[in-house]
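Trainee: Next comes the sequence, and after it the predicted model I'd like to discuss.
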Number of protein chains: 2
Amino acid sequence: MSNYHFEQALFQMKRLVEPRSVAIVGASGKIHKVGGAITRNALEGGYGGKIYLVNPNAKRIFGKRVYPNLEDIPNDVDVVEIVVSAPLVPMIMEQAVRKRVKGAIIISSGFAEVGRDELQNQVVRIAEKGGIRIIGPNCFGLINTELGLDLSFTFSKPLKGSIAFISQSGALCCGTLDWALQNEVGFSKFINLGNKCDLDETDALVYLKEDRQTKVIAIYLEGITDGRKLFEAINFVSKKKPVIILKAGVTEPGARAALSHTGSIAGHVEIVQGVLKQAGAILVEDVEELFDSIQVFSQPRSSGRNVAIISNAGGLAVLTADWCHKLGLSVPKLPSQTIEELQSFLPSIASPFNPIDMTGDADYERYKRVLKIVSETKAVDIIISIFVAQGLVTSDGPAKAIVELNNLSNKPLLAYMMGGNSVINGIRILHYGGVPVYSSAKRVSRAATKLVI
Amino acid sequence: MSNYHFEQALFQMKRLVEPRSVAIVGASGKIHKVGGAITRNALEGGYGGKIYLVNPNAKRIFGKRVYPNLEDIPNDVDVVEIVVSAPLVPMIMEQAVRKRVKGAIIISSGFAEVGRDELQNQVVRIAEKGGIRIIGPNCFGLINTELGLDLSFTFSKPLKGSIAFISQSGALCCGTLDWALQNEVGFSKFINLGNKCDLDETDALVYLKEDRQTKVIAIYLEGITDGRKLFEAINFVSKKKPVIILKAGVTEPGARAALSHTGSIAGHVEIVQGVLKQAGAILVEDVEELFDSIQVFSQPRSSGRNVAIISNAGGLAVLTADWCHKLGLSVPKLPSQTIEELQSFLPSIASPFNPIDMTGDADYERYKRVLKIVSETKAVDIIISIFVAQGLVTSDGPAKAIVELNNLSNKPLLAYMMGGNSVINGIRILHYGGVPVYSSAKRVSRAATKLVI
């Protein structure tokens, strides 16, 4: 990692994301304000460490003792979270230095993002002097679900999971948590970097590589602080865990918008994308594709591109074969032995080739038998299983068959369920069974491509 | 329309889709079988014409009189729907000829799709002799929501609407109706063509052009029966109504699958797509894109490509600007007068350029004011309005502002709402207000491109 102090970043990020004690300066009981939402979230999360509330104008908040000043806290404080107006932040940081705090999460806005670069620089200088590392300012905070530590002002408390989400945009954090709750997707760590005056995506990556709770890392980026450093970090981390990157501002109008949004220079698109990809990042182009991609990594990665498509509807199998091919996957003919085995029990109007059309009355038994046979042939690397409700078979049986095969086989398995209320049950069974499930031929095929190494 | 008997096709399709009387041969009370589901749907739909049930083995079905034979019906029958086993279909068709029936919907399978071409040809010859036009065989039936006439075996009764859906695949019909019901999307006519032994997508198009209930036509195609005829029909119809086509089997593995699914020769992809596009069709590549596209036509079409993006989140505005640009739309800078007008009331941290970032606390009033100003400048042809819940403003206010502008302005207006439960309310308000709403930057931008003439 060249000049980058990797061990140091890891250690310092760890202290910020896994603190033993946190002080909230600007704590409040008004839950519709940022300070109040943060205080409530911090106290309600089930965190086992110490939370200290600081506010000179309150005695108790939510029944808990409040200290007038950071330095009045009698014990050590690892992390200070700051939710006061921007001009007061330097003073709080000076107190933090005297208190020997190790990290600061600065929620307050009103810094470089509105042209107050000098105020931000002042804060950085104080932090450097005291050896304090900073997340923010102008950020949404962070969440560590393993510790039950929620230092954000989210209104959608995330579920535990294995996905780490790093975002430069706070609004995107809100939208993602809201979406994730509805779709029952959980997170390990959730970090909004804001203005990135100190710690950035590179530091987060280095930390997340070693984080045992995290299996997949997803990053929303507008600007890149230090391209070389980021390249090296992705190169280093992606060997161990998938690093998915959504880079915004990749076109002229997008870059213009990014410039006025976070003051980021987006960089020349082809170069940036080429470099990120070369480093081993999995690039996505939209939030929906990001969500589709983070879910696919419940499945193992694949060194082969041969897909078997099994379906209870010929039309959807055709569309999926089209999409696999367009996206660079193969849909090979199956070995004659496999075809014969399938023909021995499939109805005469079924198609035992690849895609395999099991016909509309395919039920639990037929899905299970076909999936098992297909999973056992070396000609197949990845399996896509399709179901559309046709009034003959409910979605639960086929979904159970898919989950059961997923537990037996070590081949990547993805599902596509088409429809509305008739497939809700099947989708839930797949979701809880750890099988990623998609709602279109394109999306399931695109997700499959992410698994290919 | 060269040699194609356009007036005749129109007249004959009309008689099939808008009959005054229908006889169901193979009627049944067993609702879990195809004949029973069809009988129940036909009787329950609220159809004002006559429904006659025919079955030699039943006296009454659902309390209604049953005729032993088609010819025993004392009155005229416009359309016969046939749900008996394939080998019996020629005999029923002979009866239909004697009964002077005008059209037949043959649900029964077991014809060309399983290699029994001769049986299918026999049916066609009988029909030709008696001047009967056929939809099917091997089909799901048809639905005319205006007449309350449901001659399909669907388990998801469609809502009334202005979209006509024509599909070669029955399973895709089931999945589409199921999806549509969940998403409260309605249809005018819903026709599954099955084996297309007689009437095909061309005849359907010619009929739908004149159908007052239909505003948008969506077609799922695998094989093309007669390319020249289809080209002329699209060319003819698309001048009056949008014709959206999802053509499956466009790659080698897809085409191979289509061949074994419906025996269709899919044709060389670039040629087929080029020809369809030249004829005026709007091409889509996936079922989800088809659904996204049919919804966008609640908005007027546009001869310009200049998009204004307004958002309460900078990041999503950047992503949407990226996608508009990638898909060939423009995101131009706004006239200085418009920018000044916006600056006069937007917060200082907002961005009044294009995309317009109204910041996270943008509420009903701010959305309404910005939308109005943007809709009034000639520099803008299409408006995309973005909302993500950030805990500050609920989704209903912004959604109401968008719907209100939609009622005032004649510029196409599309919405993108990001999130989960927090945007459900807003999505419903937009949907009922006639504003198409999408869940990603890519999807809203792609839908906008469909409006450009």
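Mentor: Yep, that arrived.

Trainee: burial count for the residue in the stretch 1-150 of chain A positioned nearest to chain B?
Mentor: Nearest residue of the stretch 1-150 of chain A to chain B, counting by C-beta to the nearest C-beta: A:V114, 5.2 Å away. (Each C-beta comes from the backbone N, C-alpha and C, glycine too.) Applying other C-beta atoms under 10 Å in any protein chain shown, we find 15 residues neighbouring A:V114.

Trainee: ok, it touching B:P347?
Mentor: No - assessed by C-beta atoms under 8 Å, A:V114 is found out of contact with B:P347, at 9.9 Å.

Trainee: ok so, going back, report the contact partners of the residue of the stretch 1-150 of chain A closest to chain B.
Mentor: B:S348, B:I349 (C-beta atoms under 8 Å, 6 or more residues apart in numbering or on different chains).

Trainee: Show the model's pLDDT score for it.
Mentor: A:V114 carries a pLDDT value of 84.

Trainee: cool, A:Y432 as well?
Mentor: On the pLDDT scale, A:Y432 gets 94.

Trainee: and it, what does it touch?
Mentor: No contacts exist for A:Y432 under C-beta under 8 Å, 6+ apart.

Trainee: try A:Q95
Mentor: Contacts for A:Q95 (C-beta under 8 Å, 6+ apart) come out as A:N69, A:L70, A:E71.

Trainee: Now it: which helix or strand?
Mentor: Element membership for A:Q95, per DSSP states H and E: helix A:89-98.

Trainee: any idea of the mean pLDDT for that helix?
Mentor: 98.

Trainee: same deal with stretch A:331-341?
Mentor: Mean pLDDT, stretch A:331-341: 96.

Trainee: Next one: the residue of the stretch 1-150 of chain A closest to chain B relative to A:P137, how far apart?
Mentor: In this view, A:V114 and A:P137 are 11 Å apart by C-beta to C-beta, to the nearest Å.

Trainee: Which residue would be the closest one in the stretch 301-450 of chain A to chain B?
Mentor: Residue of the stretch 301-450 of chain A nearest chain B, by C-beta to the nearest C-beta: A:G420 (2.8 Å).

Trainee: need the contact list for that residue.
Mentor: Listed by C-beta under 8 Å, 6+ apart, the contact partners of A:G420 are B:S156, B:D178, B:W179, B:A180, B:L181, B:Q182, B:N183.

Trainee: which one of those residues sits closest to B:R125?
Mentor: B:S156 (36.0 Å; C-beta to C-beta).

Trainee: And what about the closest one, helix, strand or coil?
Mentor: With DSSP: H, G, I helix; E, B strand; the rest coil as the basis, the three-state label of B:S156 is coil.

Trainee: Identify the residue nearest A:M93 in space, chain neighbours excluded?
Mentor: Residue nearest to A:M93 in three dimensions, not counting chain neighbours: A:I126, with 4.3 Å by C-beta to C-beta, 6 or more residues apart in numbering or on different chains.

Trainee: Double-check that that neighbour belongs to a helix.
Mentor: Yes - judged by three-state DSSP, A:I126 forms part of a helix.

Trainee: Surely it and A:E94 touch.
Mentor: Yes - using C-beta under 8 Å, A:I126 is in contact with A:E94, at 5.9 Å.

Trainee: Looking only at neighbour counts, state which of those two leads.
Mentor: Shown here are A:I126 and A:E94; by other C-beta under 10 Å, A:I126 has more neighbours (21 against 15).

Trainee: For the more buried one, give me the pLDDT.
Mentor: Confidence score, pLDDT, at A:I126: 98.

Trainee: residues in contact with it?
Mentor: For A:I126, the contact set (C-beta under 8 Å, 6+ apart) comprises A:P90, A:M93, A:E94, A:V97, A:I132.

Trainee: Show me which of the residues you listed are buried.
Mentor: A:P90, A:M93, A:V97, A:I132 (16 or more other C-beta atoms under 10 Å in any protein chain shown).

Trainee: Hmm, the third one is touching A:K129, no?
Mentor: Yes - in this structure A:V97 lies within contact range of A:K129 using C-beta under 8 Å: 6.4 Å.

Trainee: what do these two both touch?
Mentor: Counting by C-beta under 8 Å, 6+ apart, nothing touches both A:V97 and A:K129.

Trainee: Would you mark the buried spots in the strand or helix carrying A:I234?
Mentor: Element membership for A:I234 (DSSP H and E) is helix A:227-237. Buried positions in helix A:227-237, judged by neighbour count with 16+ other C-beta under 10 Å: A:K229, A:L230, A:F231, A:E232, A:A233, A:I234, A:F236, A:V237.

Trainee: For chain B, state which of these is nearest.
Mentor: Chain B lies nearest to A:L230 out of the buried residues of helix A:227-237, by C-beta to the nearest C-beta, at 18.2 Å.

Trainee: Torsion angles phi and psi at the residue nearest to A:F190 when sequence neighbours are not counted?
Mentor: In space, and not counting its chain neighbours, A:F190 is closest to A:I143: 4.0 Å by C-beta to C-beta, 6+ apart. A:I143 adopts backbone torsions of phi -130, psi 130, taken as degrees, to the nearest 10.

Trainee: Let me know whether A:I143 touches A:S156 as I believe.
Mentor: No - counting by C-beta under 8 Å, A:I143 does not reach A:S156; the two are 10.5 Å apart.

Trainee: quick one, which of these two is more surrounded?
Mentor: A:I143 (27 against 22).

Trainee: tell me the pLDDT at that one?
Mentor: At A:I143, the pLDDT value in this model is 97.

Trainee: Heading C-terminal from the lowest-mean-pLDDT helix or strand in chain A, find the next helix or strand.
Mentor: Least confident helix or strand of chain A, by mean pLDDT, DSSP states H and E, is helix A:252-262 with a mean of 69. Using DSSP H and E, the helix or strand that directly follows helix A:252-262 along the chain is helix A:269-278.

Trainee: what about that following helix and chain B, any contact?
Mentor: No - judged by C-beta under 8 Å from any C-beta of the partner chain, helix A:269-278 stays clear of chain B, getting no closer than 8.9 Å.

Trainee: Which other helices and strands does the helix or strand just after that helix contact?
Mentor: Per DSSP H and E, the first helix or strand lying C-terminal to helix A:269-278 is strand A:282-284. Secondary-structure packing of strand A:282-284 (3 or more C-beta pairs under 8 Å, 6 or more residues apart in numbering or on different chains; DSSP states H and E): strand A:243-247, helix A:269-278, helix A:287-296.
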